[in-house]
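Chemist: Here is a sequence together with a model predicted from it:
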Amino acid sequence: MSLLNYIIRRLLFMVLVMFGVSILVFGVLMLIPPGMRVAAYVTNEKVPPTAIDAMIVKYGLRDPAPIQYFRWIGKIFRGDLGYSTTANGPVVEGFAQFFPVTLELVLYATPAIILVGLWLGTMAAMKRDKPADHAIRVFAIIGYSLPTFWLGLLLLMVFYGFLGIFPPGVLSEKLLDVVTGKGWIRATGMLTVDAIINWRWDIFLDALYHLALPVINLVILESALIMRLTRSSMLDALGQDYIRTALAKGASQSTIYRIHARRNALLPVITVAGILFAGLMAGAVITETIFVRKGIGWWTARAALQLDVSAIMFNVLFLGVIFVVVNLIVDLIYAAIDPRIRLA
Amino acid sequence: MEKLIETRDLYTDFNTFEGVVKALNGVSVVVNEGETYGLVGESGCGKSVNVRSMMRIVQAPGRIVSGKVVIFFRAEDRSRGIDIVERSEAYMTSLRGDSISMIFQEASTSLNPVLSIGYQIGESFHFHRLTQMLQETIADLDGELSRPTWILPRGWKRLQKSLLARELRVLTHYKDRIDRIDHELYGLEDKSDGAAADRRHLLNRRRDRLQKESTVAEIFKRVPLVRSYQRRVERTVRRHVVELLRSLGVPNPERIAASYPHELSGGMQQRIVIAIALACHPVLLIADEPTSNLDVTIQAQIIDLIKQLKKTAISSVLFITHDLGLVAEVCDRTSVMYAGDISETATVKELFRNPLHPYSQGLLRSVPKVEQTGELATIPGGVPNLIAPPSGCRFHPRCPHRMAVCSERKPNLLEHSAGHWVACHLYSEGTR
Amino acid sequence: MGNEIAPVREASPSRHPGWQELAFSLRRLFKNPLTIIGLTIILFFVFLAVAAPWIAPPPRPHDPYLMPHSGWDMTPSPPSVKNPLGTLPSQYDILYGVIWGTRNAFRIGLAIVLANLLVGLVLGAVAGYFGGLVDEIIMRVADIFYAIPLLVIAMALVIALGRGLQSVVLALIILQWPTYTRVIRSEILVLRNMDYILAARASGSSHLRILFRHVLPNSMFSAIIVASMNVGVTILIVAALSFLGLGSDTGYADWGAMVATCRNFIVGPPGNRLAYWYLVFIPGFTIALFVLGWNLLGDAVRDVFDPRMRRR
């Protein structure tokens, strides 16, 4: 019963936070002069400069903030998100076009990061204070000190520039024509998935080939976090009394690590995994810019430079919502797994 | 009475940041078959370190520096015994939980919160009684197959049976090889020359490897297809777990086995910890202050349980406590420890009647008695720092009978009268 | 002999335990090789920043952050005697950029972190000490700020405020206050219930006095640790924003902006594919080294003061 309670409370909390997020985004929006904000209110065409003043009056862009807020929220709920100059179309369409690319990258990168982080972290905990441990920890510190953009560029220079493998972009030139041409079933927008649906294994492999370097980039940068958490979490678990009991009943070292310590150590990692997923979505801005993958990150970066207000605001709002929802899901999973919470 | 386990001149050090803590200063203890042995002393005197050294689960940065821990129950020659300080870690894992079990002070933290009770007790059976479990499961399957069944389930059961039988064969094969190595190691026990040491080393390594391999066979069980027949073995194990719980007086054992530690009360948790320790009928149960954190009524229940179990399931109990009252009630013989030394060893009656060591005398005097009036007697001073302990007899700074020799030489543990040993210079001159 | 105790040598109480602990901490700190490395790196950068006007004299003294350039050729030049680290497109000297960029980084980093510390101290103290509704409100608002990924909303805020370095600084100050506030608040929550605070209340001290004399000094410590660990993250975000083109204008000594210029020059001409390695490698490496220094130091400090690790 209290699990249900917990769920309900979290849902309410989530609604509240999303409300707050919208206010925050709106606050930032209001800092932008009305002239530039007009684009957010027009759906289908770009606004010629002469019409701006008329638009400002028409959409009440000088009205008091609370009124504008409710109007803005209303529009969002009705699905009217404005026009994006960088996408050359309504924001919604731009989203449908760009989001799958980002989603694909994140879906491949997240498990890779978690697995590498878990593996290194467990190893570091098992060989504590030995050379392997120090080496792994140093790798971790370097990993999260590196600027996201720099590593990507370096990798590109070495692998693509020098060795000629792992080119940027999502797909090779000739295959791009296939994907944008007729006869192509665009089920999800994610190239690897669509390639399987269209039964084009060459496209599938090519897409993976183009995914490799961005994923490697992200793994190097982000696994450090998971690795450190796993390590300290394992060490915590290993210091507990129940390990002593397991030892006293004749458990081998491997059993102690694998079963007794690790299960306890994994719990915090789940929470972080959620944050990682949401964070990768946000961090896509840099990664996609460097590797020229046209996802929402790439879109946001261009929108920022071209002052495409509706696109920026939408993306910020979207990422906030994603973050909150993912956190909720992670909390629920955690509650379902940890027997202490599930059966409390 | 036959000896069960013995430590001879055990020295254990802890290499900490502030210096080397000399926790055990040559401890010699003998526990006989069928007796309840008490280990008494103040906090920090080394009682826990002593028993952990006996089981070789001293936590880092501690290590056994010198001395022997000899067990007699697995030896082919009961008079000679096996020194387990030199044995491999794999040997110790087969020993712990099987022949020697240990229960600890705080039951609630001793249980893994994310594993069910049934699983945690079942582990004991899994580690040490796997052959028996496999045999019983095969027997079950035989029983089921002898009755008429449909073709499909029949085929499935036969498959399970053959897989289990194969596993049993593999395990038995490993066991045989390990036993042969143990036998050879036993023969090499007393030899101290280089060649013998090398051979011992080699054999230990081989034994470790074999033991690991025999569990690598277990690792195949993690392959999905294989898991389904493993479930039958789990069922057998669960049966034993439930029976064990029932024999310990746990109500509703099936439900308890399915639940998790945090759902149980403190007394029940301690019972579970005891169940885990007793699953394989150990020869020796070491209880490290098992009741110190419990209410008095629960304490009485647990003590009764241990007493009862000693009659039925275990041979000997090594009971650690700082409570002299408990010692009087539960133990047959006892040792008093102070700052890493055994100061006195005797039967409980003898110790209470005629304490010889000034420390024991001080301890007994400081227990408040009903008819006592006036101030409580105390032992002046405090427990010494074990990084830089007092020279000679570690108790001499606080001893009212201190002599010159006490700060120079450590007194040996000598037999003063039959079965009554004391380590004190007051008695080493003359009396023997 | 009676009940006398033999004389035992006691530890001299002459050194105040607080100082002893500090000395112990410092000794532990310096035993860790990573600390030494981190400190060396940071000191090196400090030197660069302080000595900038002398080792890299600005061509335009009133605008020293504008990098000198010798020509307008868009192709970067490799390292030479004139430009020891090579040049960016449009012939801006990389070495100059690195040195003055250090100064820039310190300026920005310190400004942001100090401002955040101040805000965090005030808000955290108020939230933690007074509790109740005020606390709830502050923490909920902090939660909301946390819900949106930092980089993206920083981008939006910088756009809203107008592109430029000041906007970046302002945006980060505005967006990072929750981190510091939370830490200070949790420290204060712990301290608030300690006996000596209750004793101070009982003897009549006012809230403000307690805050300043007892609570804040003790929580400063954690704040400093968090600040030192946060410098790295902050600089990375600033660099990222500059990289995306939202920070300094072209030609200014800003590491992130310098990295951005290499995007067209990742691959060199055939036959010398790594021709522009200096462009891709050096500015980014400077950032990485700088952040690494701070992270190493922050890590080491945290390890030393983590109660679990202290006595091993």
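Modeler: Now that the structure is in, tell me what you want to look at.
Chemist: ranges for the helices of the stretch 101-250 of chain A?
Modeler: Counting by DSSP state H, counting those that start in this stretch, one finds helices in the stretch 101-250 of chain A at the ranges A:131-145, A:148-155, A:173-180, A:191-197, A:201-238, A:241-248.
Chemist: and A:Ala125, what does it touch?
Modeler: Residues in contact with A:Ala125 (Cβ atoms under 8 Å, 6 or more residues apart in numbering or on different chains) are A:Asp133, A:Thr230, A:Arg231, A:Met234, A:Leu235, A:Leu238, A:Ala261, A:Ala265. To be clear about C-beta, it is placed using only N, CA and C from the backbone, and glycine gets the same treatment.
Chemist: Report the separation between the closest residue to the fifth one other than its chain neighbours and A:Met227.
Modeler: By that I understand A:Leu235. Nearest-residue entry for A:Leu235: A:Ala125, 5.3 Å, with adjacent residues in sequence omitted and distances by Cβ to Cβ, 6 or more residues apart in numbering or on different chains. From A:Ala125 across to A:Met227, the span is 10 Å (Cβ to Cβ, to the nearest Å).
Chemist: would B:Ile5 count as being in a helix?
Modeler: No: applying DSSP: H, G, I helix; E, B strand; the rest coil, one finds B:Ile5 to be strand, outside a helix.
Chemist: tell me the contacts of B:Lys212?
Modeler: B:Lys212 makes contacts with A:Ser252, A:Ser254, B:Ala90, as judged by Cβ under 8 Å, 6+ apart.
Chemist: my bad, B:Thr172
Modeler: Contacts of B:Thr172 by Cβ under 8 Å, 6+ apart are B:Thr131.
Chemist: Export stretch B:378-395 to CSV, keeping only CA atoms.
Modeler: Extracted C-alpha coordinates of stretch B:378-395, given in CSV (Å, rounded to 0.1, in the frame of the first residue of the first chain):
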residue,chain,number,x,y,z
THR,B,378,37.2,-0.4,40.7
ILE,B,379,40.5,-1.2,39.1
PRO,B,380,42.5,2.1,38.9
GLY,B,381,43.9,3.3,35.7
GLY,B,382,42.7,2.6,32.1
VAL,B,383,43.1,0.1,29.3
PRO,B,384,46.6,0.5,27.8
ASN,B,385,47.5,1.7,24.3
LEU,B,386,48.3,-1.4,22.3
ILE,B,387,50.6,0.4,20.0
ALA,B,388,53.0,1.1,22.8
PRO,B,389,51.9,-1.4,25.5
PRO,B,390,53.5,-1.6,28.9
SER,B,391,56.6,-3.8,29.0
GLY,B,392,56.6,-7.2,30.6
CYS,B,393,53.2,-8.0,32.0
ARG,B,394,50.7,-5.6,30.4
PHE,B,395,48.7,-5.3,33.5
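Chemist: Work out for me the element the residue nearest the centre of chain C sits within.
Modeler: Residue closest to the average C-alpha location in chain C (Cα atoms, centre = their mean): C:Val231, at 1.4 Å. If you go by DSSP states H and E, C:Val231 is part of helix C:216-243.
Chemist: Packing partners of that helix?
Modeler: helix A:148-155, helix C:94-125, helix C:150-161, helix C:165-192, helix C:255-260, helix C:277-305 (3 or more Cβ pairs under 8 Å, 6 or more residues apart in numbering or on different chains; DSSP states H and E).
Chemist: now it against helix A:148-155, angle please.
Modeler: 50 degrees (axes from the mean of the first three to the mean of the last three Cα atoms, to 10 degrees).
Chemist: for helix C:216-243, the distance to its chain's centre please.
Modeler: Here helix C:216-243 is found 4 Å from its chain centre; the criterion is Cα atoms, centre = their mean, to the nearest Å.
Chemist: for the chain, which spans come out with low pLDDT?
Modeler: I went with chain A, as the question did not name one. Along chain A, segments meeting pLDDT under 70 span A:1-2, A:35-52, A:55-56, A:58-61, A:342-344.
Chemist: Chain B was what I was after
Modeler: For chain B, residues meeting the criterion pLDDT under 70 lie at B:1, B:75-78, B:190-191, B:216-228, B:429-432.
Chemist: Grab the longest helix from it for me.
Modeler: helix B:151-187 (DSSP state H).
Chemist: element containing the residue of the stretch 151-300 of chain A at minimum distance from chain C?
Modeler: Closest approach between the stretch 151-300 of chain A and chain C, counting by Cβ to the nearest Cβ: A:Ala282, at 3.1 Å. Using DSSP H and E, A:Ala282 falls within helix A:262-291.
Chemist: and the angle from that helix to helix C:150-161?
Modeler: Using the same axes, to 10 degrees: helix A:262-291 against helix C:150-161 is 40 degrees.
Chemist: how many other residues sit next to the closest residue to chain C within the stretch 1-150 of chain B?
Modeler: With Cβ to the nearest Cβ, the shortest gap between the stretch 1-150 of chain B and chain C falls at B:Phe17, namely 5.7 Å. B:Phe17 has 10 neighbouring residues, counting by other Cβ atoms under 10 Å in any protein chain shown.
Chemist: then stretch A:103-118 to PDB, C-alphas only?
Modeler: C-alpha atoms of stretch A:103-118 as PDB (Å, rounded to 0.1, in the frame of the first residue of the first chain):
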ATOM      1  CA  LEU A 103      17.400   9.400 -29.100                       C
ATOM      2  CA  GLU A 104      19.400   6.900 -31.100                       C
ATOM      3  CA  LEU A 105      22.700   8.100 -29.900                       C
ATOM      4  CA  VAL A 106      21.600   8.300 -26.300                       C
ATOM      5  CA  LEU A 107      20.100   4.800 -26.500                       C
ATOM      6  CA  TYR A 108      23.300   3.300 -27.600                       C
ATOM      7  CA  ALA A 109      25.600   5.400 -25.400                       C
ATOM      8  CA  THR A 110      23.800   4.900 -22.100                       C
ATOM      9  CA  PRO A 111      24.200   1.200 -21.800                       C
ATOM     10  CA  ALA A 112      27.800   1.400 -23.100                       C
ATOM     11  CA  ILE A 113      28.700   4.000 -20.500                       C
ATOM     12  CA  ILE A 114      27.000   2.100 -17.700                       C
ATOM     13  CA  LEU A 115      28.600  -1.200 -18.500                       C
ATOM     14  CA  VAL A 116      32.000   0.200 -18.800                       C
ATOM     15  CA  GLY A 117      31.600   2.200 -15.700                       C
ATOM     16  CA  LEU A 118      30.300  -0.800 -13.700                       C
END
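Chemist: In it, which of the residues would be classed as buried?
Modeler: Buried residues in stretch A:103-118, counted by 16 or more other Cβ atoms under 10 Å in any protein chain shown: A:Leu103, A:Glu104, A:Leu105, A:Val106, A:Tyr108, A:Ala109, A:Thr110, A:Ile113, A:Ile114, A:Val116, A:Gly117, A:Leu118.
Chemist: Just confirm the last one contacts A:Leu225, I think it does.
Modeler: Yep, that's A:Leu118 we're talking about. No: taking Cβ atoms under 8 Å as the definition, A:Leu118 is not a contact partner of A:Leu225, at 11.7 Å.
Chemist: Contacts for stretch C:228-240 next, please.
Modeler: Applying Cβ under 8 Å, 6+ apart, the contact partners of stretch C:228-240 are A:145, A:147-149, A:286, C:105, C:108-109, C:112-113, C:116, C:150-151, C:154, C:168-169, C:172, C:176, C:179-180, C:247, C:255-256, C:259, C:287, C:290-292, C:294-295, C:297-299, C:301-302.
Chemist: now swap in stretch C:262-272 and tell me
Modeler: Outside stretch C:262-272, the residues within contact range by Cβ under 8 Å, 6+ apart are A:153, A:156-157, A:160-161, A:290, C:75-76, C:88-89, C:273-276, C:279-280, C:283.
Chemist: try stretch B:244-260
Modeler: Contacts of stretch B:244-260 (Cβ under 8 Å, 6+ apart): A:339-340, A:343, B:113-118, B:121, B:238, B:241-243, B:264, B:268, B:271-272, B:274-275, B:278-279, B:305, B:309.
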